[in-house]
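Colleague: sharing a model prediction with you, sequence too.
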Amino acid sequence: MPARAIGVFGGTFDPIHLGHLIAAQSVRDALGLSRVVFVPSGSPPHKRSRDLAPAELRHRMVRMAVAGNRAFAASDLELGSGRPAYTIDTLRIMRHKYRGVRLHLLLGMDQALLLDTWKEPQRLFELAAVAVFARPGYDPKMLPPKWRRRVNIVEIPQVDISASDIRNRVRQGRSIRYLVPEAVAAFISRHRLYLKG
């Protein structure tokens, strides 16, 4: 029996939306992954944490969003430490946790373009295969050749949904229906998230 393959999909997920879910399912199908683990960032190095919804609430939204798909899971691995969460450290822990399993790091093209600014970017490829999916407005040719040669570019449906647009819609009192799962929309309303900005 071949070794299982697991996708590791990190991000702020502030909030998680249907674009994230479509991307994860598309990459899972393309690469034959047995599971995709969503890892909400606790304290992402590239973003100011005070501008984010609390990590625990973002994690709860991810859990709600993936609840209907047995191939999806939510991890709290990066929550609670209060220190910057670096992908290389997360992959090291995941590699230890899932011994004998092939890891695939899932990245949007926007994040892949920042690889030079990441901690130990070359070592990422020692711990996981890197799958990059295109996003609207991004072309794989934008990736520097040193990264383009090492990543697996995965075509996904182009769904132009962004978390920043969703947060703006909430602030403006506009609907976010069909942009996020219904349970997530209800959670945002109940906890009055994103009303200030």
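Modeller: Sure, I can see it.
Colleague: how close does the closest residue to R28 other than its chain neighbours get to A71?
Modeller: Once flanking residues are discounted, R28 sits nearest to V36: 5.3 Å by Cβ to Cβ, 6 or more residues apart in numbering. Quick note: C-beta positions are derived from backbone N, CA and C, even for glycine. Distance, V36 to A71, using Cβ to Cβ, to the nearest Å: 6 Å.
Colleague: can you list residues touching both of those two?
Modeller: Common neighbours of V36 and A71, using Cβ atoms under 8 Å, 6 or more residues apart in numbering, are R28.
Colleague: against which helices or strands is the longest helix anywhere in the chain packed?
Modeller: What stands out as the longest helix in the chain, according to DSSP state H, is helix 18-31. On a contact count with 3 or more Cβ pairs under 8 Å, 6 or more residues apart in numbering; DSSP states H and E, helix 18-31 meets strand 5-11, strand 35-40, helix 55-66, strand 102-108, strand 129-133, strand 152-154.
Colleague: what helices or strands is the shortest one leaning on?
Modeller: Packing contacts for strand 152-154, counted by 3+ Cβ pairs under 8 Å, 6+ apart, involve helix 18-31, strand 129-133.
Colleague: ranking those by burial, who's on top?
Modeller: Ranked by mean neighbour count, these are led by strand 129-133 with a mean of 22 (mean count of other Cβ atoms under 10 Å).
Colleague: mind listing what's buried in the helix or strand following that strand?
Modeller: Where DSSP states H and E defines the elements, the next helix or strand beyond strand 129-133 is helix 145-148. In terms of neighbour count (16 or more other Cβ atoms under 10 Å), helix 145-148 has its buried residues at W147.
Colleague: how far does helix 145-148 sit from its chain's centre?
Modeller: 21 Å (Cα atoms, centre = their mean, to the nearest Å).
Colleague: neighbouring contacts of that helix?
Modeller: Under Cβ under 8 Å, 6+ apart, the answer for helix 145-148 is A112, L115, P140, K141.
Colleague: my guess is A185 contacts R174, does it?
Modeller: No - in this structure A185 lies outside contact range of R174 using Cβ atoms under 8 Å: 11.9 Å.
Colleague: looking at those two, which is more packed in?
Modeller: When neighbours are counted by other Cβ atoms under 10 Å, A185 and R174 differ, and A185 comes out ahead with 21 against 11.
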